[in-house]
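Asks: Kindly generate the corresponding structure for this input.
(chains A and B)
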Amino acid sequence: MSKQVKQLDRVIIRFAGDSGDGMQLTGDRFTQESAVFGNDLVTLPNFPAEIRAPQGTLPGVSSFQVHFADHDILTAGDAPDVLVAMNPAALKANLGDLPKGATIIVDTHDFTGRNLTKAGYDANPLDLLGDANDPLGEFQVQPVDLTGMTVEAVKEFGLSRKDAARAKNMFALGLLSWMYGRPTDPTVTFLEKRFAKVADIRDANITAFKAGWNFGETTEAFVVQYEIKPAPMAPGTYRNITGNLALSYGLIAGGVQSGLPVFLGSYPITPASDILHELSKHKAFGVTTLQAEDEIAGIGSAIGASFAGSLGVTTTSGPGIALKSEAIGLAVMTELPLVVVDVQRGGPSTGLPTKTEQADLLQAMFGRNGEAPVPIVAPQSPGDCFSAAVEACRIAITYRTPVMLLSDGYLANGSEPWRIPEIDDLPAIEPNFATERNQTVVAKDGTESEEYWPYLRDEETLARPWAIPGTPGLEHRIGGIEKAKNTGNISYDPANHDYMVRIRQAKVDGIANSLPPLEVDDPSGEAKVLVIGWGSTYGPIGAGCRRVRKAGFNVAQVHLRHLNPFPNDLGEILKRYDKVLCPEMNLGQLSLLLRGKYLVDAIGYNQVNGMPIKAAALAEAIGNLVAEAEGVTVDLTAPQEAAQ
Amino acid sequence: MTTSTELPFPGLRSGVELVPTNDQPQTGKEYTSDQEVRWCPGCGDYAVLKAVQGFLPELGLRRENIVFVSGIGCSSRFPYYLDTYGMHSIHGRAPSIATGIATAREDLSVWVVTGDGDALSIGGNHLIHALRRNVNMTILLFNNRIYGLTKGQYSPTSEAGKITKSTPMGSLDHPFNPVSLALGAEGSFVARTIDSDRKHLTSVLSAAAAHRGTSFVEIYQNCPIFNDGAFDAIKDNDTKADAIIPLVHGEPILFGNGTKGLVRDTETGGVKIVTVADVGEDAILVHNAHNPDPSTAFAISRLTDSGYLNQSPIGIFRQVERPSYDDGARAQISSAREAAPGEPADRLAALIGGGDTWTVV
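Replies: Here you go, the predicted structure:
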């Protein structure tokens, strides 16, 4: 039977099922296939904090959304075009996000009375399809017995019914792969490798995957195949990468570029643990990973390793930062290189461990006793976590300071195609260990002697020398008590304390002199409204600005990688615009900093629901502000040619 | 699903085997920094500092390869007074910082100086995990059974009922026995000594430095300001023969000028004090610090008074060989490196360029 092929420029698919149904794997495989095919893409995994929440219930639903397109895209998409629902709970939990006309593929097998009750359905919605009161009447529903067909397809391998049914996610993947013309070889190769040691499981999964494809090809239920052409991308070699993986690679790169062994002290915490897992695989790069007894020991061991001449790193999420605060202060005082990674999640307290948020900015900025300035770097997309981590290492080593690297749950688990950088393009990082005494001291009797002063600063960077144990003649003591200028001896002198507080601040402020100018995206040069953000809101803000521009209006965008210190040109940029909008997944933390430092009336656009900001809603807010600033009526629903 | 693997540990024996040595004779003066010592007059810390400054030259190590790490408290000022590398860190965290130093560098002799509050109260977790991991370092716990730097509150080793500024009607806390705790935390070297007995202190320090793994040394240390006389019974010439139960590996455990000794207590499974004349010297327990089973060492540690100290075993309770964490961590890195030759930059390019890739021209 010949099928119709329809061209689309982009599609958003959401795979949803029970947390044991393998939806993350299914979504990840579909993503890899799309990446290899050459589409641009962005993903959004969404799963419960419980490893196996009660089966079949709404809290147990796990989903993976992938947005892929024939052009450059920035977000995982606001609303799915296609929902694959493996059970009634998955249908119910995700229905509210679907736009009218969306396609729903459901596994009819799991629509049993028991599962329907668990999901809170009084009646089976599939029994009402086509009726006058069909609750799914707005959608294109495709009921398919995915489980039944999977069990039938893998019969020959003699698996238990339970094991056979577990391959249903691969059947679904096969079907979707057929629908969207995805290449199948990468998944077959993946399954061969993943289940290399269990032949029957391997064969069952590959067979189910192929059976799903063949079902699409032959059934009359699916009459249309879709084609989404590859997206034009800058020349280079690409791979799909998640934020946590890119961040791990960036830390390894920081070690290679500086020639320092990386030492990670870490305590497992969602959503940062994958960085610990990844780095523990790379001992061949001289990376030591210590799973510490608690968050404090994680950072303590990293500080010790830095003192001994390693690149100390600790990884955690917001609750861990709270525990590490005192030790971060010690690193500020001892002026040792240290990278502190905070993969932010919903807070406060335990909060929402598997959901995303940007509410640790002020904690990173101020969450310590005393005047304890810490540079802050934030990646803007999953792939960008790599270069943000390298930048954090550069600052930490060059300026002898702890650096906060603020990722978040969305960046950590989300993925995108990443152009693999050339090693030659990475910055060289110079540890410049002290090897000689640095000060001539004249005694009262006129005799001269050489001493090592651990707090004698570099004139340009204000960084102190880093002398590591084993260096003869440079024996010295550092610690948390206030230091005397230059010598580093204990000092309670009031004027000295005032001086040291200011010089530590000046050192961090001076990092701005090493930063490139900000890139302001203002295509027309006539925008009156500037949208400013940081971190993972880059995608939604960019997509929101595009919508506004597409409708013929002007808006500028600037995105901050450095939150402390701010780049030198930020103040001047803010002054150029009549209105400044600051979208954040918090209640206005960057806004507060901008207002405080630049006396600018930064207007917040704030959302703290554990999910990325939706581009369409943000575009409306931008549009409203453009209307206000320019005194025009803004209607984003009626695209028009730009005035010029 | 549990899997495990045989761990390749190098067969190192001495705690300072990989630390570079100095072929020139050293003096205590070389180990004395130019900083003025600021403890109260009469503080037991002076004696320990003097003993350590006198003992370090005997180790014969290069001075720049020695690191002292401390937490917070009176004793934690110790590193400032030694001309080695040092860090005066934050309250309770010294073992974690020392763990990082010792794991990062095989060529350093790492020492932790801590007190009863620092190690057993705020830093209890780090102490037990350092002992469990058996990281190659020596922990000197200065136990004065009181909080000194915060001016006289009871500590986790103070006797119950102690009247202090924060316990005007007497402390309700039952104290820790640091040696029992260290033994329970899988300590591979556990000892106790006294600030005022320089000879014993030095011999214990020597054994601790030579031990590979975490060496735990409790040092009874008098605080003349807030807890003066806490150790008088074991220091007073008239009472110390009955108060100190000396532990020497391979020797029968006798005290009270040979009149008293320890035997196994078959009723409790522990040990008990007997009069030698009643049982005969052959019946007296011979101390075996190398016993793989820590039960007897633990039983002996229980003879320490938990109230006012009238009786306490002193010496090396336990000294056994066990792989150290840092040696294992370095061995894993070495074997991973051997398996992946090549320039780091090339290997980094291969790493980040791995996985499913595609090329756009």
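
Asks: in the stretch 151-300 of chain A, which spans are strands?
Replies: Ranges of strands within the stretch 151-300 of chain A are A:224-227, A:236-242, A:262-266, A:288-291, based on DSSP state E, counting those that start in this stretch.

Asks: make that the stretch 451-600 of chain A, sorry
Replies: With DSSP E, counting those that start in this stretch as the criterion, the stretch 451-600 of chain A has strands spanning A:477-479, A:529-534, A:556-560, A:562-564, A:579-584.

Asks: Nearest to residue B:347, out of the strands of the stretch 151-300 of chain A?
Replies: Taking CB to CB, strand A:262-266 is the member of the strands of the stretch 151-300 of chain A nearest to residue B:347, at 13.7 Å. Placement of C-beta: from N, CA and C, glycine included.

Asks: Same list, the strands of the stretch 151-300 of chain A, but as JSON lines with mean neighbour count, distance to chain B and mean pLDDT please.
Replies: Shown next, in JSON lines, are these (neighbours: other CB atoms under 10 Å in any protein chain shown; distance: least, CB to the nearest CB, whole Å; pLDDT from 0 to 100):
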{"stretch": "strand A:224-227", "mean neighbour count": "13", "distance to chain B": "18", "mean pLDDT": "93"}
{"stretch": "strand A:236-242", "mean neighbour count": "21", "distance to chain B": "5", "mean pLDDT": "95"}
{"stretch": "strand A:262-266", "mean neighbour count": "29", "distance to chain B": "6", "mean pLDDT": "98"}
{"stretch": "strand A:288-291", "mean neighbour count": "23", "distance to chain B": "6", "mean pLDDT": "98"}
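
Asks: what would the ones you listed look like in TSV with distance to residue B:23?
Replies: Formatted as TSV, the strands of the stretch 151-300 of chain A follow (distance: least, CB to CB, whole Å):
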stretch	distance to residue B:23
strand A:224-227	78
strand A:236-242	53
strand A:262-266	32
strand A:288-291	31
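
Asks: what does the stretch 101-250 of chain A put close to chain B?
Replies: Taking CB under 8 Å from any CB of the partner chain, the part of the stretch 101-250 of chain A that reaches chain B is made up of A:186, A:233, A:234, A:235, A:236, A:237, A:238, A:239, A:240, A:241, A:249.

Asks: Who's the closest spatial neighbour of the second one, skipping the chain neighbours?
Replies: The shortest distance from residue A:233 to any residue other than its chain neighbours is 4.7 Å, reached at residue B:360 (CB to CB, 6 or more residues apart in numbering or on different chains).

Asks: quick one: pLDDT of the one you found?
Replies: Here the pLDDT value assigned to residue B:360 is 89.

Asks: right, and residue A:614 touches residue A:540 too?
Replies: Yes. Counting by CB atoms under 8 Å, residue A:540 is a contact partner of residue A:614 at 6.7 Å.

Asks: Among the two, which residue is more densely surrounded?
Replies: Between residue A:614 and residue A:540, residue A:540 has the larger neighbour count (other CB atoms under 10 Å in any protein chain shown), namely 27 against 18.

Asks: for the strands of the stretch 451-600 of chain A, which one ends up most surrounded?
Replies: strand A:529-534 (a mean of 27; mean count of other CB atoms under 10 Å in any protein chain shown).

Asks: Would you quantify the distance from the spatially closest residue to residue A:615 that is not a sequence neighbour to residue B:318?
Replies: Nearest non-adjacent residue to residue A:615, counting by CB to CB, 6+ apart: residue A:543, 3.6 Å away. Note on residue A:543: its distance to residue B:318, by CB to CB, to the nearest Å, is 65 Å.

Asks: who's more crowded, the two?
Replies: Counted by other CB under 10 Å, residue A:543 and residue B:318 do not tie: residue B:318 has more neighbours, with 27 against 21.

Asks: who does that one bridge with?
Replies: For residue B:318, the beta-bridge partners are residue B:190 (DSSP bridges).

Asks: show me the contacts for it.
Replies: Listed by CB atoms under 8 Å, 6 or more residues apart in numbering or on different chains, the contact partners of residue B:318 are B:183, B:187, B:188, B:189, B:190, B:289, B:291, B:294, B:297.

Asks: Whatever helix or strand the first one lives in: how far from the chain's middle?
Replies: The one in question is residue B:183. Counting by DSSP states H and E, the element that carries residue B:183 is helix B:178-184. Between the centre of helix B:178-184 and the centre of its host chain there is 10 Å, according to CA atoms, centre = their mean, to the nearest Å.

Asks: That helix packs against which elements?
Replies: Helices and strands touching helix B:178-184, by 3 or more CB pairs under 8 Å, 6 or more residues apart in numbering or on different chains; DSSP states H and E, are helix B:124-133, strand B:189-194, strand B:214-220, helix B:295-301, strand B:312-319.

Asks: Show the average pLDDT along it.
Replies: So the average pLDDT for helix B:178-184 ends up being 98.

Asks: how about it: buried residues?
Replies: Judged by neighbour count using 16 or more other CB atoms under 10 Å in any protein chain shown, the buried positions of helix B:178-184 are B:178, B:179, B:180, B:181, B:182, B:183.

Asks: Not counting sequence-adjacent ones, nearest residue to the spatially most central residue of chain B?
Replies: For chain B, residue B:216 is the residue whose C-alpha lies nearest the centre (CA atoms, centre = their mean; 2.0 Å). Spatial nearest neighbour of residue B:216, chain neighbours left out: residue B:182 (4.4 Å); criterion: CB to CB, 6+ apart.

Asks: hang on, the one you found packs against residue B:131?
Replies: Yes. Using CB under 8 Å, residue B:182 is in contact with residue B:131, at 5.8 Å.
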